[in-house]
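>>> Build me a model from this:
(one chain, ligands or ions: 1)
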Amino acid sequence: MKQPTELTSWKTLAQLRDQLQHLTLRDLFRSDPDRGPRMVAEQAGWRLDYSKQIVNDEVLRALFALAREVDLSGRVEAMFRGERINATEDRAVLHVALRAAREEGFVVDGVDLAPQVHAVLDRMAEFSRRVRRGTWTGHTSRPIRSIVNIGIGGSDLGPSMAARALRPYCDESLSLRFVANVDGADFDDAVRDLDPAETLVIVSSKTFTTQETMANARAARQWLVGALGDERAVARHFVAVSTNAKAVAAFGIDTANMFEFWEWVGGRYSVDSAIGLSLMLAIGPEQFSDFLGGFRAMDQHFRAAPLERNLPILLGLLGVWNANFRGSQALAVLPYDQSLARFPAYLQQLDMESNGKSVTMDGGAVSWSTGPVVFGEPGTNGQHAFYQLIHQGTSVIPCDFIGVARTHAPVVVDGVRHHDLLLANLLAQSRALAFGRTAAEVRAEGTREDLVAHRVFPGNRPSNTLLAESLTPATLGALIALYEHKVFVQGVLWGVNSFDQWGVELGKTLAQQILPALASADAPPSDSSTDGMLQWLRDRRQ
Ligand code: F6P
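Reported below is the predicted structural model:
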């Protein structure tokens, strides 16, 4: 298989980078009054403006040529066809089947996956309705008022991010909590004010072996059985979401109360599987179905739209241009919508666990950058924290701004709409990053000469802006799918497997080895630094 750097289009892009070194966004906008409207693509409720990326038509053409040269559309089809593209784990990658419409089906190797997907969705819907109506009762016959989802990584970040984002759609009479960290404080904080008699615990784990989740599940069982005084209470207060029925049964949860998913769903791609049960309980089955509809709309677009108008492909290609040709190693995701507060954290796992790789599909070392460091905070908070570096620091950090036209929180004080302030800031930031402020402009403002250099903004810092009319279950689903597919596109271009995560294993193994040494000096030694810290900790924990 050819390395990306050996491809003709990659070489063209490298030449263009050299030729266009002095290309500025000021010049690009000046020379083309239509640049703004021209560099917009819209789909599934989202409008992507990529005109503030440092690209001209030649660069875009070369990026599209790159997509063709790696046979991106062939790779997309391979995923949708259910080929085992996760080669290191010998698995298909079929999160797209999770949102297939019941009536359309989703056939892989002659088997329609839609009936099994919808059978689970139907069970989830029936269970959710019973809990929401109060007809699923606890051990003491009281209705469920609180739901605690126990899970970590993909078994937490998706539903917790989405439940936060869709709070206006949630049933307010149900209190929803998420426990992920093995730090007992996380569990304590979540259940502190809950009544065990009215609490449902969802143990969410694809493998049902994850150390943190199993420890928290045991803590929950102890808390609940301790309060209700009867081991049989587990049957009414615990359900599981997993692919591992044996481990669920061994934990003591009746597999009749288990919602399954499949090995072909990666953890970080699982929010739309049964892992979304907590979300469905909160927003109800109908709105969960709208959420899946949003994913589906983006899937169909991704599969069918030409490269030039394809949102995930555009995002993926522009990210490659920034990372591999303009030297950016990070991506700031900046939602100007408080309800998307956890979206950057969600994307961290999606992107960094998928493309944080330095080995190609066939095991060779990469000699090009792969996944960026993803970070972000909601605007405007980030402006008062880390934007200084984005505007004037020595590294160029591409930004994805995200906003909506209509808010669910229309606070107006003295005629001033908070949402106007928020949106004005969003638009101002991408302008400031793109066009900056020159020394001449700073001087023209009457700035003292010794301060001029400090007040110059270099500009020419790339960003995308994604806008939707409002954040709904459907637009949120489409937004998630947009980034899922963008990550896929970049994995294909970089030649890495976006669907394994071997890099998380070593730490897990070492934690198991170190555990006994926290309690006993007789445990096998590690290294002089670790042993020194263990000794110090043991001395203070006796
Ligand atoms: O450690 C990483 C990881 O395997 C993620 O990929 C996954 O989302 C998370 O752990 C949780 O795994 P599980 O759902 O099996 O508990």
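>>> Please list the residues of the chain that sit near the ligand.
152-155, 205-207, 210, 213, 267-268, 353, 501, 504 (C-beta under 6 Å from any ligand atom). To be clear about C-beta, it is placed using only N, CA and C from the backbone, and glycine gets the same treatment.
>>> In helices only, show me the residues you listed.
When DSSP state H is applied, those are split such that Thr213 fall in helices.
>>> hmm, which of the residues of the chain next to the ligand are the buried ones?
Buried subset of the residues of the chain next to the ligand (neighbour count, 16 or more other C-beta atoms under 10 Å): 152-155, 205-206, 210, 213, 267-268, 353, 501.
>>> what's the single longest helix in this structure?
Longest helix in the chain by number of residues, with DSSP H as the criterion: helix 473-494.
>>> What residue in the stretch 251-400 of the chain comes nearest to the ligand?
Closest approach of the stretch 251-400 of the chain to the ligand (C-beta to the nearest ligand atom) occurs at Gly267, with a separation of 2.5 Å.
>>> Which residues are in contact with the residue nearest to that residue when sequence neighbours are not counted?
The spatially closest residue to Gly267, leaving aside those adjacent along the chain, is Gly154, at 3.0 Å (C-beta to C-beta, 6 or more residues apart in numbering). With C-beta atoms under 8 Å, 6 or more residues apart in numbering as the criterion, the residues that contact Gly154 are 206, 266-271, 275, 349.
>>> quick one on the thing from earlier: closest one to Ala453 out of the residues of the chain next to the ligand, please.
Nearest to Ala453 among the residues of the chain next to the ligand, counting by C-beta to C-beta, is Glu353 at 40.7 Å.
>>> Now that closest one. Nearest residue, chain neighbours left out?
When the adjacent residues along the chain are set aside, Glu353 lies closest to Gln501, with 5.0 Å between them (C-beta to C-beta, 6+ apart).
>>> For that neighbour, give me phi and psi.
Summarising the backbone geometry of Gln501 under the convention degrees, to the nearest 10, its torsions are phi -160, psi 50.
>>> Next: Leu200.
Phi and psi for Leu200, reported as degrees, to the nearest 10, are phi -110, psi 130.
>>> what's across from the residue nearest to Ser155 when sequence neighbours are not counted in the sheet?
Spatial nearest neighbour of Ser155, excluding adjacent residues (C-beta to C-beta, 6+ apart): Ser204 at 4.1 Å. With DSSP bridges as the criterion, the beta-bridge partners of Ser204 are Val241.
>>> Next, find the distance separating Arg84 from the ligand.
18 Å (C-beta to the nearest ligand atom, to the nearest Å).
>>> That residue contacts Leu94, correct?
No - assessed by C-beta atoms under 8 Å, Arg84 is found out of contact with Leu94, at 10.4 Å.
>>> Contacts only, for Gly294.
Taking C-beta under 8 Å, 6+ apart as the contact definition, Gly294 lies against 44-45, 472-481.
>>> cool, Arg221 as well?
Shown in contact with Arg221 (C-beta under 8 Å, 6+ apart): 201, 234, 238, 252.
>>> Next: Met280.
By C-beta under 8 Å, 6+ apart, Met280 lies in contact with 124-125, 128, 288.
>>> Now rank those residues by neighbours and give me the top one.
Counting neighbours by other C-beta atoms under 10 Å, Phe288 comes out on top of those with 26 neighbours.
>>> May I ask you to confirm that that one is in contact with Leu277?
No - applying C-beta under 8 Å as the test, Phe288 and Leu277 come out as separate, 9.3 Å apart.
>>> State the helix or strand in which the residue nearest in space to the middle of the chain lies.
Ranked by distance to the mean C-alpha position of the chain (C-alpha atoms, centre = their mean), the top residue is Leu347 at 2.7 Å. Take DSSP states H and E as the rule and Leu347 turns out to sit in helix 343-347.
>>> gap between that helix and the chain center?
Helix 343-347 has its average C-alpha position 4 Å from the chain's average C-alpha position, going by C-alpha atoms, centre = their mean, to the nearest Å.
>>> and that helix, what does it pack onto?
In this structure, helix 343-347 makes packing contacts with helix 157-165, strand 330-335, strand 373-375, helix 473-494, judged by 3 or more C-beta pairs under 8 Å, 6 or more residues apart in numbering; DSSP states H and E.
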